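Trainee: sequence below, structure please.
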Amino acid sequence: MESWQIQLPLRRIWYHKITEKTVVWVANRDNPINDTPGFLSIDTQGNLVLFDSNDPTVPVWSTNSSSLPTNEYAVAQLLDSGNLVLFQNESKKLLWQSFDYPTDTQLANMKIGLDRRTGLNRFLTSWKSEDDPRIGNYSYRINPAGSPQLILYEGQVPWFRVGHWNGIRLSGALVFKMGPLQYYTFVNNDTEISFMWSTYNTSILSRVVIDESGFSRRYIWYEQERGWQPLLSAPTEPCDQYGHCGAFGLCDPNNTTEFECTCLPGFEPKSHREWNFGDGTHGCLRKPGSLICSKGEGFVKLENIKPPDTSNVVVINGLSLEACEMECLRSCNCTAYASANISEGGSGCIAWHGDLVDTRIFTAGGQDFYLRVDELELAQYAKKSKGSVATKRIRITMVILGVIIFFTITFIAYWFVKRKRKGHRKLLSNANITSQATIPRRSLKRGQLVNGQEIAVKRLSKHSGQGMHEFMNEVTVIAKLQHRNLVRLLGCCIHEEEKMLIYEYLPNKSLDYFIFDFGMARMFGEDQIQANTKRVVGTYGYMAPEYAMQGLYSTKSDIFSFGVLQLEIISSRKTPSVWELWNDGRVLDVVDPALCQPFSTDEVSRCIHIGLLCVREAATGRPTMSDVIFLLANETTLPTPNTPSFTFQYADSSKSSGAVSWNRVSITALEAR
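Mentor: This next block holds a predicted model:
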């Protein structure tokens with residue numbers, strides 16, 4: 001249930017329970033009360049009347065409804081729909097309603113159109129400006145002539161033609177189609193011509209507004225954004241402007257060879273000079289020598305068309321399309337025809353007589369339109385159509401050939417890769433691989449040799465971006481570092497693009513990718529202490545910041561990695577938390593509780609201290625490896641560590657989508673302007 005409020009002295013109705021004050025109806029829009037609050041009453045005739053407090057004898061505004069019976073009195077009520085109604089108290093007969101006199105806003109279930117019985121014509125009119133509700137320059141109304149159509153006028157001149165009802169939608173505005181939120185109703189019978197929209201969910205706050213600039217806009221209220229969000233707007237492009245290409249012109253917004261205007265088949269520009277300057281408003285004329293209403297003439301079919309202005313058409317319901325064509329041929333003044341109702345295969349007949357104005361082409365979603373041409377133009381158009389069909393066939397053939405070639409290449413590539421993988425499986429068959437883990441640029445697999453020894457196989461990914469240089473660095477470094485506390489390198493394999501290392505398997509997470517990655521090892525010359533690379537490799541969090549951020553690596557880069565490992569071994573946690581505990585003086589809280597007691601507090605504190613010195617942000621402030629060994633082995637005074645710098649990986653954060661919320665409380669109140 002929606003909520004509304006009324007304001008005096010400029011009487012308005014607006015949404016009450018939303019944060020943004022939005023006026024949807026104004027009573028005395030051209031006659032506001034100045035400097036006085038005014039008052040509202042119901043007179044003896046049953047009219048709702050607004051008076052100026054300074055002159056209570058002359059109404060400022062009145063409903064001017066019918067007289068009441070002597071035994072009845074009138075009641076005013078603001079409904080949840082936003083409709084202010086006046087009715088008889090006993091019979092409940094409607095005397096007056098604000099929906100019959102809209103201002104600039106159309107709400108759900110509010111009709112626009114003509115009541116044939118009373119002559120009441122309901123239409124929207126824009127405000128004069130954004131903050132001035134007086135009647136503006138634009139109106140939104142139904143033209144009842146011919147096949148009734150909804151048109152947005154600038155003054156008395158059509159500005160944007162929404163079009164006639166074609167059985168599915170208004171023909172000139174594809175944006176006004178049925179959707180998940182709303183549906184449209186068009187009535188054309190002996191009692192009324194009307195158009196209205198409704199929502200499937202009556203709690204949805206939605207409105208259509210004709211603004212002071214001449215645009216028709218639909219809004220919906222989003223509670224999460226606390227504001228109105230536009231769903232659609234028209235007109236939006238030159239082809240929406242009424243008669244942009246003149247009589248017998250065709251507006252195509254996707255025309256890339258000329259400007260958006262072309263002439264209909266059988267026509268040429270009326271003024272070639274203006275046409276060449278991009279002005280199509282003068283329209284087109286039939287080509288010289290065209291013989292209409294003669295032997296051999298016929299109709300060319302144009303697809304996805306917004307039919308021209310239907311003010312001067314003849315509508316015959318119940319005719320088939322073939323009968324409609326014959327009906328048009330009987331009159332030499334008939335220039336085109338189309339189905340009156342395109343739903344369920346099409347039915348009825350619309351025949352145009354005279355000029356064809358405001359015709360455009362849509363990319364999709366328009367309707368078929370049949371234009372009358374002479375024998376020569378009909379033959380030329382048929383030839384173009386055949387050429388177009390041939391071109392389409394060629395394109396389809398090329399697409400099919402392309403698909404066949406693509407799948408052929410894909411199959412060959414798949415066969416080649418499968419063959420290589422078969423060779424790799426054969427290569428590793430004697431290793432009895434049982435499990436695997438994947439890390440960036442590498443994959444790790446656990447296996448067993450024929451002698452029963454368990455191994456860890458490290459395979460360089462073909463998509464890693466690193467190659468032989470990195471691989472040989474790892475082999476060289478690990479081969480030299482044989483120690484009982486280091487995982488042993490048992491062998492290596494280089495076969496075509498495959499590069500693998502065979503390590504001994506340690507059951508306590510030897511496949512952990514955070515520390516099982518020595519591929520960033522670099523070889524320095526004897527006189528080198530620093531180098532630069534454009535290819536940063538390694539595990540973030542263990543790399544020195546100057547290397548991770550700038551590609552600078554030196555003998556101090558490994559010191560940073562050593563410090564991170566030392567701190568993690570002692571604490572079994574990420575190093576940022578170690579610094580926080582150290583900085584708070586809680587040194588013993590750094591130590592992993594799983595470490596067996598007793599241990600020397602001084603020694604642990606010294607190890608943590610040295611680890612923090614190794615992870616300094618500036619490389620020059622870090623000790624060398626020989627300094628680290630000396631500091632660990634002696635009781636010398638240690639410098640104070642600085643706040644360390646660490647490198648992290650970040651995950652993408654998910655975005656929350658907006659949701660629609662509805663107000664369900666109704667209130668009526670008075671407020672002075």
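Trainee: pull out the buried positions in the top strand by length along the chain.
Mentor: What stands out as the longest strand in the chain, according to DSSP state E, is strand 132-143. When neighbours are counted by 16 or more other Cβ atoms under 10 Å, the buried residues of strand 132-143 are found to be 133, 135-136, 138-143. All C-beta spots, glycine's among them, are computed from the backbone N, C-alpha and C.
Trainee: quick check: the closest residue to residue 290 other than its chain neighbours vs residue 240, distance?
Mentor: In space, not counting the residues next to it along the chain, residue 290 is nearest to residue 374; the distance is 4.9 Å by Cβ to Cβ, 6 or more residues apart in numbering. Counting by Cβ to Cβ, to the nearest Å, the separation of residue 374 from residue 240 is 32 Å.
Trainee: ok, residue 641 next?
Mentor: Here the criterion is Cβ to Cβ. By it, residue 641 lies 69 Å from residue 240.
Trainee: can you check residue 564 too?
Mentor: Spatial separation of residue 564 from residue 240 under the definition Cβ to Cβ is 64 Å.
Trainee: before we move on, the earlier item: right, and the helix or strand after the longest strand of the chain?
Mentor: As assigned by DSSP states H and E, the chain's next helix or strand after strand 132-143 is strand 149-154.
Trainee: other SSEs contacting that following strand?
Mentor: The contact analysis (3 or more Cβ pairs under 8 Å, 6 or more residues apart in numbering; DSSP states H and E) places strand 149-154 against strand 132-143, strand 157-164.
Trainee: list the buried residues of it.
Mentor: 149-153.
Trainee: look at residue 564 and residue 240 and report which has more neighbours.
Mentor: Set residue 564 next to residue 240 and count neighbours by other Cβ atoms under 10 Å: residue 564 wins out with 25 against 21.
Trainee: and the more buried one, how far from residue 643?
Mentor: According to Cβ to Cβ, residue 564 and residue 643 sit 15 Å apart.
Trainee: got a list of what the residue lying closest to residue 48 once chain neighbours are set aside touches?
Mentor: Nearest residue to residue 48 in three dimensions, chain neighbours excluded: residue 63, at 4.5 Å (Cβ to Cβ, 6+ apart). When contacts are counted by Cβ atoms under 8 Å, 6 or more residues apart in numbering, residue 63 touches 47-49, 86, 95-96.
Trainee: could I get those as CSV with distance to residue 541?
Mentor: Putting the contacts of residue 63 into CSV (distance: Cβ to Cβ, whole Å) gives the following:
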residue, distance to residue 541
47, 80
48, 74
49, 78
86, 74
95, 78
96, 75
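Trainee: now the residues you listed as TSV including pLDDT?
Mentor: Listed next are those as TSV, based on pLDDT from 0 to 100:
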residue	pLDDT
47	87
48	89
49	88
86	92
95	90
96	93
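Trainee: still on that earlier bit, of all the buried residues of strand 149-154, which comes closest to residue 76?
Mentor: When the buried residues of strand 149-154 are compared for distance to residue 76 (Cβ to Cβ), residue 150 comes out closest, at 30.8 Å.
Trainee: mind listing what the nearest residue to the closest one once chain neighbours are set aside touches?
Mentor: With Cβ to Cβ, 6+ apart as the measure, residue 162 is the residue that lies nearest to residue 150, at 4.0 Å, once sequence neighbours are left out. For residue 162, the set of contacting residues under the criterion of Cβ under 8 Å, 6+ apart consists of 149-152, 170, 172-173, 176, 216, 234.
Trainee: same question for residue 113.
Mentor: By Cβ under 8 Å, 6+ apart, the contact set of residue 113 is 121-122, 142, 148, 187, 192-195.
Trainee: how about the helices in the stretch 501-650 of the chain?
Mentor: With DSSP state H, counting those that start in this stretch as the definition, the stretch 501-650 of the chain shows helices at residue ranges 545-550, 557-571, 575-583, 601-614, 625-633.
Trainee: now the end-to-end length of stretch 24-42.
Mentor: With Cα to Cα, to the nearest Å applied, stretch 24-42 spans 23 Å between its terminal residues.
Trainee: buried residues in that stretch, which are they?
Mentor: 24-29, 32-33, 38, 40, 42.
Trainee: among these, which ones are in helices?
Mentor: Using DSSP state H to define helices, no part of the buried residues of stretch 24-42 is located there.
Trainee: what's the closest of those to residue 399?
Mentor: Here the nearest of those to residue 399, counting by Cβ to Cβ, is residue 24; it sits at 52.3 Å.
Trainee: name the nearest residue to that closest one, ignoring sequence neighbours.
Mentor: Once flanking residues are discounted, residue 24 sits nearest to residue 105: 4.3 Å by Cβ to Cβ, 6+ apart.
Trainee: for the one you found, give me phi and psi.
Mentor: Backbone geometry at residue 105, expressed as degrees, to the nearest 10, gives phi -120, psi 130.
Trainee: so it bridges to which residues?
Mentor: Counting by DSSP bridges, residue 105 forms beta bridges with residue 209.
Trainee: tally of neighbours for it?
Mentor: Taking other Cβ under 10 Å as the neighbour definition, residue 105 ends up with a count of 21.
Trainee: contacting residues around it?
Mentor: Under the criterion of Cβ under 8 Å, 6+ apart, the contact partners of residue 105 comprise 23-25, 124, 207-209.
Trainee: buried subset of these?
Mentor: Among the contacts of residue 105, those scoring as buried are 23-25, 124, 207-209 (criterion: 16+ other Cβ under 10 Å).
Trainee: I'd assumed residue 297 was in contact with residue 378.
Mentor: Yes. A contact is recorded between residue 378 and residue 297 when judged using Cβ atoms under 8 Å, the distance being 6.8 Å.
Trainee: okay, and for the stretch 101-250 of the chain, where does confidence drop off?
Mentor: 175-179 (pLDDT under 70).
Trainee: returning to that earlier point: from the contacts of residue 113, which is closest to residue 53?
Mentor: The closest of the contacts of residue 113 to residue 53 turns out to be residue 122 (Cβ to Cβ; 31.7 Å).
Trainee: list the beta-bridge partners for the closest one.
Mentor: Applying DSSP bridges to residue 122 yields these beta-bridge partners: residue 113.
Trainee: need the helix or strand of this structure with the lowest average pLDDT.
Mentor: Using mean pLDDT, DSSP states H and E, strand 435-439 stands out as the lowest-scoring helix or strand of the chain, at a mean of 45.
Trainee: next SSE downstream of it?
Mentor: Elements were assigned by DSSP H and E; along the chain past strand 435-439, the next helix or strand is strand 442-448.
Trainee: and that following strand, what's buried?
Mentor: Along strand 442-448, these residues count as buried under the neighbour rule (16+ other Cβ under 10 Å): 442, 444-447.
Trainee: can you tell me which of those residues is nearest residue 572?
Mentor: Ranked by distance to residue 572 (Cβ to Cβ), the buried residues of strand 442-448 are led by residue 444 at 22.2 Å.
Trainee: hang on, the closest one packs against residue 457?
Mentor: Yes. Distance between residue 444 and residue 457: 7.1 Å, which falls inside the contact criterion (Cβ under 8 Å).
Trainee: can you list the domain ranges for the chain.
Mentor: 1-100, 102-236, 250-373, 431-521, 533-649 (automatic domain parsing).
Trainee: now do the end-to-end distance for the longest one.
Mentor: The first residue of domain 102-236 is 24 Å away from its last residue (Cα to Cα).
Trainee: off-centre distance for it?
Mentor: In terms of Cα atoms, centre = their mean, to the nearest Å, the centre of domain 102-236 is found 25 Å from the chain centre.
Trainee: again, but for stretch 355-362
Mentor: Using Cα atoms, centre = their mean, the distance between the centre of stretch 355-362 and that of its chain works out at 30 Å.
Trainee: same check on stretch 450-464?
Mentor: Its chain's C-alpha centre lies 47 Å from the corresponding centre of stretch 450-464 when counted by Cα atoms, centre = their mean.
Trainee: residues of it that come out buried?
Mentor: Buried residues in stretch 450-464, counting neighbours by 16+ other Cβ under 10 Å, are found at 455-460.
Trainee: again with stretch 607-619
Mentor: Residues of stretch 607-619 classed as buried: 607-616, 619 (neighbour count, 16+ other Cβ under 10 Å).
Trainee: of the residues you listed, closest to residue 588?
Mentor: The shortest approach to residue 588 among the buried residues of stretch 607-619 belongs to residue 608, at 10.0 Å (Cβ to Cβ).
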